[in-house]
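Visitor: Below is the sequence, then the predicted model.
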Amino acid sequence: MPPEREAPAVPAADRSAFAAALGRPGTNVAGLTDGRGRAAADRFRVYRNNVVVSLAEALEAAFPATRRLLGEAFFRAAAVAYVEEEKPASPLLFRYGATFADHLARLPGVAPYPFVPEAARIEFARLQAYHAADAGPLPADALARLPLEALPAAVLAPHPATRLVAAPAGGLSAWRRNQDPPLAPVEAAAALVTRPRLEVMVTPLTAPAATFAAALLDGRPLGEAAAVEDLDLAPVLGALLTAGAFRASPLAGST
């Protein structure tokens, strides 16, 4: 039996042209043929349509509350437009849609409703938190075990699942109202998304609490991060610890 011949490698330029044409309806790839050398423009169009449909359905699954906010028809049109512009950078579909909220914010029909892209960012943050690496949360009493003089220098390590999403236009309430079943609206400037164990949590934060949380998650020492006007430090810090915003680890700067 003669040895099997390896298929010739496809030049990078041809691969790029094929990938680019997937996102441009009406565009064909010059010289595209099937395995028998026959023109394959029609087959390519079917394949392109399947790719668009699959990615649009992935967005529908990732953004259910946003879909309810916008309505099925509007969301579908926005999703298809996004798919035509933005191709997946990873084979893991849960990572697709990182810039979908920005895409929505640029649409003229959404511009008057800034809470919609905020809700979409919360949804994507929840999805990423769900798939984030596992880590034990910092115990709620970890800071209480430190000497008082060491507290200002303590640096808390963010948990891999923690995300902080700004939502000053009411995006958290919009997201909550469009859950199944709906949840009551809340007053919040930001949403803290965490997954200390198995369940993803979304905690509302006031503007001072969000500023404080952002500083801690950015690696600022506790004393520096707490220099926020109108911050009620003890309950806010307690809420962050209870939500599992930080990873169990030695507190840097506290020795």
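Guide: Received it, and whenever you're ready, just let me know what you need. Keep in mind that what you see is a predicted model, and the values were worked out from it rather than measured.

Visitor: Show me the contact partners of stretch 51-60.
Guide: Applying C-beta atoms under 8 Å, 6 or more residues apart in numbering, the external contacts of stretch 51-60 come out as 22, 67, 75-76, 79-80, 82-84, 88, 93, 96-97, 100. For glycine as for every other residue, the C-beta is placed from the backbone atoms N, C-alpha and C.

Visitor: which SSE is residue 203 in?
Guide: Residue 203 belongs to strand 201-205 when assigned by DSSP states H and E.

Visitor: Using CSV, write out every CA atom in that strand.
Guide: In CSV, the C-alpha atoms belonging to strand 201-205 read as follows (Å, rounded to 0.1, in the frame of the first residue of the first chain):
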residue,chain,number,x,y,z
MET,A,201,-22.8,36.2,43.9
VAL,A,202,-23.6,39.7,42.8
THR,A,203,-23.3,42.3,45.6
PRO,A,204,-24.5,45.9,45.2
LEU,A,205,-22.0,48.6,46.2
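
Visitor: Can you give the distance from the helix or strand following that strand to the centre of its chain?
Guide: Going down the chain from strand 201-205, the next helix or strand is helix 207-217, by DSSP H and E. How far helix 207-217 lies from its chain's middle: 19 Å, per C-alpha atoms, centre = their mean, to the nearest Å.

Visitor: Quick one: list the elements packing against helix 207-217.
Guide: strand 163-166, strand 190-194, helix 222-225, helix 233-242 (3 or more C-beta pairs under 8 Å, 6 or more residues apart in numbering; DSSP states H and E).

Visitor: and these as JSON lines, adding distance to residue 173 and mean neighbour count?
Guide: JSON lines is the format used below for these (distance: least, C-beta to C-beta, whole Å; neighbours: other C-beta atoms under 10 Å):
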{"stretch": "strand 163-166", "distance to residue 173": "13", "mean neighbour count": "21"}
{"stretch": "strand 190-194", "distance to residue 173": "10", "mean neighbour count": "26"}
{"stretch": "helix 222-225", "distance to residue 173": "26", "mean neighbour count": "18"}
{"stretch": "helix 233-242", "distance to residue 173": "18", "mean neighbour count": "16"}
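
Visitor: how about those, which one is nearest residue 145?
Guide: helix 233-242 (12.4 Å; C-beta to C-beta).

Visitor: quick one: contacts of the strand holding residue 203?
Guide: Outside strand 201-205, the residues that touch it by C-beta under 8 Å, 6+ apart are 122, 126, 164, 172, 175, 186-195, 213, 236, 239, 243-244.

Visitor: mind listing what that strand pairs with, with the direction of each?
Guide: In the sheet, strand 201-205 lines up against strand 190-194 (antiparallel) (DSSP bridges).

Visitor: Secondary structure element holding the residue lying closest to residue 211 once chain neighbours are set aside?
Guide: Once flanking residues are discounted, residue 211 sits nearest to residue 228: 5.0 Å by C-beta to C-beta, 6 or more residues apart in numbering. Using DSSP H and E, residue 228 maps to neither a helix nor a strand.

Visitor: do residue 175 as well
Guide: Using DSSP H and E, residue 175 sits in helix 171-177.

Visitor: Now go through the contacts of stretch 51-60 and say which are in helices.
Guide: The members of the contacts of stretch 51-60 that map onto helices under DSSP state H are 22, 67, 75-76, 79-80, 82-84, 100.
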